[in-house]
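Enquirer: Just the structure for this:
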Amino acid sequence: MNVSRKSGRLGTHLRGKLAAAYGQRGHQNSALWYVYSPRTDRDWVLRSDLYFEHFVLTEADPSVIDVNYAPELDVPTLGPVQFAAIVHYSDGAVQWHHVSNERIKPNSDAAAQQLMLSNAAEHAGANLVCLDHQFLNQNPQLLWNWQRCIAWMTAARGTALATYMTEIATFIHAREIATLGQLAELGARNLFALYAAAAFRLVQLGDLNSDLDEHPVSMATTFVARG
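Expert: Take a look at the predicted model:
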């Protein structure tokens, strides 16, 4: 099992989730990921590497305001259906995310099922979005960087970042742009990890822009004030 965060004993609730996820794999030997989501401030169990890639990019999207990474919906004629996520966006849009590498042929049973899912989503005021590995890996640099950003924020879990976020936002808005190295100089050396986590959180929330989609995370990573 892959884990994005190590911990001590797993709680009873989480052990139940892991057991259920293992059972749902059936004969497929897909990996399981136990992750912490800074956006939702809770743990999730993801059913495959593809689901993990989707998780990382959803965490990175500043237009996302809420997400459920383990939804199971009762779809007419299909019964309970599991999706990768139900995602709510800042513009009011809601999407049901279906993640799969299956190539759907026209007039096949899979195509008919996809149409049922699309109709069910529309009836619920949402849109069905089907994603595959090729789509999720359009920008490998962004995917890799945000794995690191999530790791920084996960390490700061349990620490109130509001003070650091306010200090960083004030500093950057006064000068419009700053590097991660410059943010490291705002506080004591042993606090750098918290300043980094706070900076990535501000990008995640859409309060700052960055070059995380272009260059590897480093002390030269740039943050820019929005607006």
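Enquirer: Just the CA trace of stretch 91-99, in CSV.
Expert: These are the backbone C-alpha positions of stretch 91-99, laid out as CSV (Å, rounded to 0.1, in the frame of the first residue of the first chain):
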residue,chain,number,x,y,z
ASP,A,91,-18.2,29.6,-10.1
GLY,A,92,-21.0,27.4,-8.8
ALA,A,93,-20.3,24.4,-11.1
VAL,A,94,-20.5,20.9,-9.8
GLN,A,95,-18.7,18.0,-11.5
TRP,A,96,-18.9,14.2,-11.1
HIS,A,97,-15.4,12.9,-11.9
HIS,A,98,-15.1,9.4,-13.4
VAL,A,99,-11.5,8.3,-13.7
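Enquirer: Quick one: mean pLDDT for that stretch?
Expert: For stretch 91-99, the mean per-residue pLDDT is 97.
Enquirer: what's it in contact with?
Expert: Contact with stretch 91-99 is made by 48, 50-51, 54, 58, 63, 71, 73, 83-89, 114, 117, 121, 124-132, 136, as judged by C-beta atoms under 8 Å, 6 or more residues apart in numbering. Every C-beta, even on glycine, is put in place using the N, C-alpha and C of the backbone.
Enquirer: The same query, at a cut-off of 6 Å, please.
Expert: Stretch 91-99 is contacted by residues 50-51, 54, 83-88, 121, 126-131 when judged by C-beta atoms under 6 Å, 6 or more residues apart in numbering.
Enquirer: Just name the closest of those residues to residue 110, please.
Expert: Checking the contacts of stretch 91-99 against residue 110 by C-beta to C-beta gives residue 130 as the nearest, at 10.7 Å.
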